[in-house]
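Visitor: one predicted model, sequence on top.
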Amino acid sequence: MDYQPLFARRAAKPVPALFRAGAASPQGVIPLTYGFPDPGSFPIEPLIEAATRMLRERGRDALQYGPIAGPEPFLDLLVEKLGREGIPANRDNLLVTSGGSQGIDLVTHLLVDPGDSIVVEAPTFIGALQTFRNAEAEIHEAPLDAQGLDTSALAEVLDRLAAQGRRPKFIYTIPTFQNPAGVTLAAERRRALVELTHRHGTLILEDDAYSELRFEGEALPSLYALDPEGAVIQVRTFSKILAAGLRLGYLVTPKALLPRLLQLKVDVGTSPFATHLATAFSRDARGRLDPLLAHIKALRAVYRERRDAMLSALEEYAPPEVAWTYPHGGFFTWLTLPEGLDAGALLPRATDAGVTYIPGASYFVTASGARNIRLAFSFLPPAELVEGVKRLCFVIQKAR
Ligand SMILES: Cc1ncc(COP(=O)(O)O)c(C=O)c1O
């Protein structure tokens, strides 16, 4: 059967191998590729206990179809959690989704027709790029630096588009502990970004997958908190703070957008089992959020130790011309190789030496990032991170 003529335009092109998440790495090779959570930190015993209790008390809801926006007990948990973070939201600002990924997809469905413009920071999250490509968006890049998205460069991109009579549908940004670069948008730039967005009559899709995993420094206001009921839609996830396998995320959105988002979400409810389980895990017998908050606190310690192990190994083994970002939280650091080296060309040699990574070029739309490498410190224990970095630095040293 020749399926090709039947494909929709968006599916007709094959997906490059790099975009397939979860591919296994060869035996003996240390994968610094995966932005996966630490599997040893999954709270399996507490989840078994919570699941048993939840099925006894709420089994008929958990195993039935559910409300599309999410069940009320879970929405109330989110309202309380967001309130603690300084984000004003109530039930009609919330839409529970199958991971943050579905949130990005829904917002794209809501706003983007083929050929519409979107602005992304460069580099950016591969999954979002894939979603925007599927929607046949025209993707424009604005660079980021150690302080996050460069809002002056973004202003130029927006002015250039405006001069062509183009208004982007939204600006996609990961302001805190960015994937892949590990950097965080500075406070003044957060305000500048919201101001720019209003000036150009566009929206912000704020992807806040990592802010809860802060290792040091003060929390910064989220873009949504700077402009509630305004130009910001925030996408969140439980993947990094509880279990990616629950596939649980949510959108925090201006109320006015919720009915349209509900209209587009044709799934008879994000897993009621997962939402009721997350609720049962998160609250103690007195109804407090302490179990969830304690778990997140423990995760911060796990990932801080891993970040420190990776950065110390880089300090120790990296040749002098190699640079990397200093993440205050999250899962990643972003390496820049010496002039003349190419991260893609180096990958086969690194794999032979027993380490893999994702070359920086994958995180751009334009031909950039040849000298960059994303390193994830989330997935492996500290000793393996150190060994992986050592192998990588040896390969870089030899290639210089
Ligand atoms: C920046 C960012 N956004 C969104 C996601 C989506 O995660 P999920 O669909 O598991 O919530 C990820 C996961 O890696 C991410 O890094």
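Guide: Received, thanks. Numbering: from 1, shown residues only.
Visitor: give the buried residues for the longest helix seen in the chain.
Guide: Selection of the longest helix in the chain by residue count, based on DSSP state H, yields helix 290-317. For helix 290-317, burial by neighbour count (16 or more other Cβ atoms under 10 Å) applies to 291-292, 295-296, 299-300, 302-304, 306-307, 309-311, 313-314, 317. For every residue, glycine as well, the C-beta is placed using N, CA and C.
Visitor: what does stretch 128-144 give?
Guide: 128-132, 134-135, 137-142, 144.
Visitor: and these, which of them are in strands?
Guide: Glu138, Ile139, His140, Glu141, Ala142, Leu144 (DSSP state E).
Visitor: so how far is Ala135 from the residue of the stretch 51-200 of the chain found nearest the ligand?
Guide: Across the stretch 51-200 of the chain, no residue is closer to the ligand than Gly99, which sits at 2.6 Å (Cβ to the nearest ligand atom). Per Cβ to Cβ, to the nearest Å, Gly99 is found 18 Å from Ala135.
Visitor: ok so, going back, what is the neighbour count of the residue of the stretch 51-200 of the chain closest to the ligand?
Guide: Applying other Cβ atoms under 10 Å, we find 23 other residues in the vicinity of Gly99.
Visitor: same check on the one 4 residues further on?
Guide: Other residues near Gly103 number 27, with proximity taken as other Cβ under 10 Å.
Visitor: again, but for Gly100
Guide: Counted with other Cβ under 10 Å, Gly100 comes out at 26.
Visitor: tell me the secondary structure at it.
Guide: Of the three states, Gly100 takes helix according to DSSP: H, G, I helix; E, B strand; the rest coil.
Visitor: please tell me how far it sits from Asn134.
Guide: Counting by Cβ to Cβ - Gly100 and Asn134 are separated by 16 Å.
Visitor: go on, Glu384?
Guide: Using Cβ to Cβ, we find Glu384 at a distance of 34 Å from Asn134.
Visitor: span of stretch 321-335 from start to end?
Guide: 11 Å (Cα to Cα, to the nearest Å).
Visitor: quick one: buried residues of it?
Guide: Going by neighbour count (16+ other Cβ under 10 Å), the buried part of stretch 321-335 is Val322, Trp324, Thr325, Pro327, His328, Gly329, Gly330, Phe331, Phe332, Thr333, Trp334, Leu335.
Visitor: same check, this time on stretch 342-352
Guide: For stretch 342-352, the buried set under the neighbour-count rule, 16+ other Cβ under 10 Å, comprises Ala343, Leu346, Leu347, Ala350.
Visitor: do the same with stretch 381-393
Guide: Neighbour-count burial for stretch 381-393, with 16+ other Cβ under 10 Å as criterion, is recorded at Pro382, Glu384, Leu385, Val386, Gly388, Val389, Lys390, Arg391, Leu392, Cys393.
Visitor: likewise stretch 161-174?
Guide: Result for stretch 161-174 [16+ other Cβ under 10 Å]: buried residues Leu161, Pro168, Lys169, Phe170, Ile171, Tyr172, Thr173, Ile174.
Visitor: which two of those residues have the greatest separation?
Guide: Maximum pairwise distance among the buried residues of stretch 161-174 (Cβ to Cβ): 21.0 Å, between Leu161 and Ile174.
Visitor: any weak-confidence spans in the stretch 301-400 of the chain?
Guide: Residues of the stretch 301-400 of the chain meeting the criterion pLDDT under 70: none.
Visitor: what about the helices in it?
Guide: With DSSP state H, counting those that start in this stretch, the ranges of helices along the stretch 301-400 of the chain come out as 343-352, 382-399.
Visitor: between those, which one is closest to Gly70.
Guide: It's helix 382-399; of the helices of the stretch 301-400 of the chain, that one is closest to Gly70 (Cβ to Cβ) at 36.3 Å.
Visitor: which residues touch that closest one?
Guide: Helix 382-399 is contacted from outside by 30-32, 305-306, 308-310, 312-314, 317-319, 322, 337-338, 341, 346, 349-350, 353-355, 357, 373, 375, 377, 380, using Cβ atoms under 8 Å, 6 or more residues apart in numbering.
Visitor: so which of the buried residues of stretch 381-393 is the closest to Ala231?
Guide: Leu385 (39.0 Å).
Visitor: how about the residues of this protein by the ligand?
Guide: Contact residues (Cβ under 6 Å from any ligand atom) of the chain with the ligand: 35, 99-101, 125, 127, 174, 179, 207, 209, 237, 239, 244, 249.
Visitor: tell me which of the residues you listed fall in strands.
Guide: Reading strands off the residues of the chain next to the ligand with DSSP E, I get Asp207, Thr237, Gly249.
Visitor: and which of these is nearest the ligand?
Guide: Thr237 (3.1 Å).
Visitor: quick one: pLDDT of the closest one?
Guide: Thr237 is assigned a pLDDT of 98 by the prediction.
Visitor: cool, and Glu229?
Guide: At Glu229, pLDDT is 96.
Visitor: over to Gln27?
Guide: For Gln27, the model assigns a pLDDT of 82.
Visitor: just use 7 as the starting number from now, easier for me
Guide: Sure, I'll start counting at 7 from here, so that last one is Gln33.
Visitor: and for it, the neighbour number?
Guide: Using other Cβ under 10 Å, Gln33 has 6 neighbouring residues.
Visitor: residues in contact with Pro120?
Guide: Counting by Cβ under 8 Å, 6+ apart, Pro120 has contacts Arg15, Ala141, Glu142, Ala143.
Visitor: what of Ala169?
Guide: So Ala169 contacts nothing (Cβ under 8 Å, 6+ apart).
Visitor: angles on the backbone of it, please.
Guide: Phi and psi for Ala169, reported as degrees, to the nearest 10, are phi -60, psi -30.
Visitor: by contact count, what packs against the longest helix of the chain?
Guide: Helix 296-323 is packed against helix 278-288, strand 338-342, helix 388-405, with contacts defined by 3 or more Cβ pairs under 8 Å, 6 or more residues apart in numbering; DSSP states H and E.
Visitor: which strands and helices lie in contact with the second one?
Guide: By that I understand strand 338-342. helix 296-323, strand 329-330, strand 378-382.
Visitor: switch the cut-off to 7 Å
Guide: For strand 338-342, the packing partners by 3 or more Cβ pairs under 7 Å, 6 or more residues apart in numbering; DSSP states H and E come out as strand 329-330, strand 378-382.
Visitor: thank you kindly, that will do.
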